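Colleague: 3D model of this:
(one chain, ligands or ions: 2)
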Amino acid sequence: MTLVTELRLRRVLDSRGNPTVEAEVTTESGGFGRAAAPSGASTGEYEAIELPAEEAIAAARERAVPRLEGQVYAGDQRSVDRVLREADDTENFGGIGANSAVAISMAAAKAGADMLGAPLYQHLGGAFRGDEFPTPLGNVIGGGEHAADATDIQEFLAAPVGAPSVADAVFANAAVHREVHDVLAERGIACGKGDEGAWAPSIDDAEAFEVCEEAVSTVEDEVGFEVGFGLDVAASELYDGDAYQYQDGERTLDEQVAYIADLVEEYDLVYVEDPLDEDDYDGFADLTDRVGDRTLVCGDDLFVTNTERLSTGIERGAANSILVKPNQIGTLSDAFDAIELAVEHGYAPVVSHRSGETEDTTIAHLAVATAAPFIKTGAVGGERTAKLNELVRIEENA
Ligand SMILES: O=C(O)[C@@H](CO)OP(=O)(O)O
Ligand SMILES: [Mg+2]
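Modeller: Ligands and ions are numbered 1, 2, ... in the order given. Down below sits the predicted model:
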């Protein structure tokens with residue numbers, strides 16, 4: 001039986017050294033699942049609320065634990081997630097915190113899978129998913145909110161779209177990451193890393209494009225399959241309510257659309273995330289109109305994994321892809337709903353990590369289970385390789 005008999009919550013460290021929520025679910029016949037919440041730095045205004053870890057744990061202990069222990073079945077994910085929403089009793093998980101909610105939701109799913117003796121992706125519906133695996137997008141240079149004194153654009157992402165396997169893709173991204181360092185060194189540029197393990201040199205975006213292009217093409221020659229690159233502009237962080245503020249000056253709304261369209265053309269970008277502010281559906285629609293036939297225009301802060309915001313985007317032709325972060329919306333059921341709605345309307349779901357992460361590998365299973373075409377989960381670093389190596393294992397065993 002998968003009746004939840006015990007739910008434990010504790011504070012653990014995330015990759016930035018901040019406290020985050022870890023949940024452990026035990027079932028009647030000994031099934032066990034453990035999961036931890038990630039945490040964003042460039043968070044969207046419309047995301048579910050992350051409470052301070054201590055506060056989220058206290059609130060969940062008081063309001064959610066009594067409704068779950070002895071009451072719900074870990075294998076019945078919809079019920080677990082419904083009870084979390086009822087216990088929270090707000091629109092945005094302001095009551096128990098999306099960090100408590102997502103940790104519990106993911107831990108329950110793992111306990112359900114454990115009971116079945118099945119890998120998590122299979123329990124999450126992956127038995128009939130086909131034989132496609134997600135292509136990993138690997139952050140190789142970055143700045144924005146993830147590193148001080150670096151690029152304006154938050155992430156330059158290697159995209160090994162021609163890789164014959166997940167393993168080949170994962171190693172190609174790591175090779176681009178290494179090559180970027182070599183190109184920077186040749187140019188006499190020393191640098192450290194940002195929150196996600198990407199290099200964070202003190203260079204402008206124009207130079208980062210050059211470095212990235214060079215590194216990607218070197219690796220492409222080495223591996224013999226297509227490796228492109230893409231961006232997470234995280235444009236809401238650059239927008240001051242009036243214009244986009246870059247180190248080299250500002251761009252108006254129209255100039256920003258034209259700038260991104262030019263970049264897509266010049267660098268053959270395969271992916272552009274949050275190229276415009278999180279409230280600018282019109283700008284997203286305009287850009288999608290211009291370049292949506294040749295690249296993925298992805299909404300992260302725009303959609304925040306929320307089906308209502310995605311519905312608005314679908315109506316208005318804004319973007320053709322959605323970033324899916326379970327902690328942005330609070331439960332796995334909600335993340336699934338967003339993926340389902342996206343797929344139904346031809347929007348590509350891209351399952352994603354956060355800049356603050358743990359060793360938790362749930363998103364690797366979520367991406368495989370839902371046959372998401374892409375997963376964004378870094379290129380190197382323990383909390384990133386936890387997911388990448390899990391993908392390699394899943395591919396081998398699936
Ligand atoms: O903007 C993003 O897509 C994410 C992950 O790369 O960053 P953060 O978790 O800081 O929101
Ligand atoms: Mg983003």
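Colleague: whichever residue of the chain sits closest to ligand 2: how many residues sit nearby?
Modeller: With CB to the ion, the shortest gap between the chain and ligand 2 falls at residue 300, namely 3.5 Å. For every residue, glycine as well, the C-beta is placed using N, CA and C. Neighbour count of residue 300, defined by other CB atoms under 10 Å: 31.
Colleague: so it sits right up against residue 231, yeah?
Modeller: No - between residue 300 and residue 231 there is no contact, the gap being 11.5 Å when judged by CB atoms under 8 Å.
Colleague: so what's in contact with the two at the same time?
Modeller: residue 273 (CB atoms under 8 Å, 6 or more residues apart in numbering).
Colleague: hang on, residue 84 is in a helix, isn't it?
Modeller: Yes - assessed with DSSP: H, G, I helix; E, B strand; the rest coil, residue 84 lies in a helix.
Colleague: residues in contact with it?
Modeller: When contacts are counted by CB under 8 Å, 6+ apart, residue 84 touches 64, 68, 96, 101, 104, 105, 330, 331.
Colleague: pLDDT value on it, please?
Modeller: Residue 84 is assigned 98 on the pLDDT scale.
Colleague: ok, now which ones touch the residue of the chain closest to ligand 2?
Modeller: By CB under 8 Å, 6+ apart, residue 300 lies in contact with 44, 232, 234, 273, 274, 323, 325, 352.
Colleague: residues touching the second one, list them.
Modeller: Right, the one you point to is residue 232. Counting by CB under 8 Å, 6+ apart, residue 232 makes contact with 139, 153, 154, 155, 157, 273, 274, 300, 376.
Colleague: what residues does the stretch 51-200 of the chain put near ligand 1?
Modeller: Residues of the stretch 51-200 of the chain lying close to ligand 1 (CB under 6 Å from any ligand atom) are 155, 196.
Colleague: let's see that with 8 Å instead.
Modeller: Residues of the stretch 51-200 of the chain lying close to ligand 1 (CB under 8 Å from any ligand atom) are 139, 145, 146, 154, 155, 195, 196.
Colleague: just checking, the last one touches residue 154?
Modeller: No - taking contacts as CB under 8 Å, residue 196 lies outside contact range of residue 154: 9.4 Å.
Colleague: shared neighbours, these two?
Modeller: Both residue 196 and residue 154 are contacted by 142, 146, under the criterion CB under 8 Å, 6+ apart.
Colleague: hang on, the earlier thing: now do the SS call for the residue nearest to the residue of the chain closest to ligand 2 when sequence neighbours are not counted.
Modeller: Once flanking residues are discounted, residue 300 sits nearest to residue 323: 3.9 Å by CB to CB, 6 or more residues apart in numbering. Secondary structure assignment for residue 323 (three-state DSSP): strand.
Colleague: from what I can see residue 323 touches residue 305, true?
Modeller: Yes - if you go by CB under 8 Å, residue 323 and residue 305 touch, sitting 7.3 Å apart.
Colleague: for these two, indicate the residue with more neighbours.
Modeller: Neighbours per residue (other CB under 10 Å) separate residue 323 from residue 305, with residue 305 holding more: 30 against 25.
Colleague: state the distance from the more buried one to ligand 1.
Modeller: According to CB to the nearest ligand atom, to the nearest Å, residue 305 stands 11 Å off from ligand 1.
Colleague: doesn't that residue lie inside a helix?
Modeller: No - under three-state DSSP, residue 305 falls outside any helix and is assigned coil.
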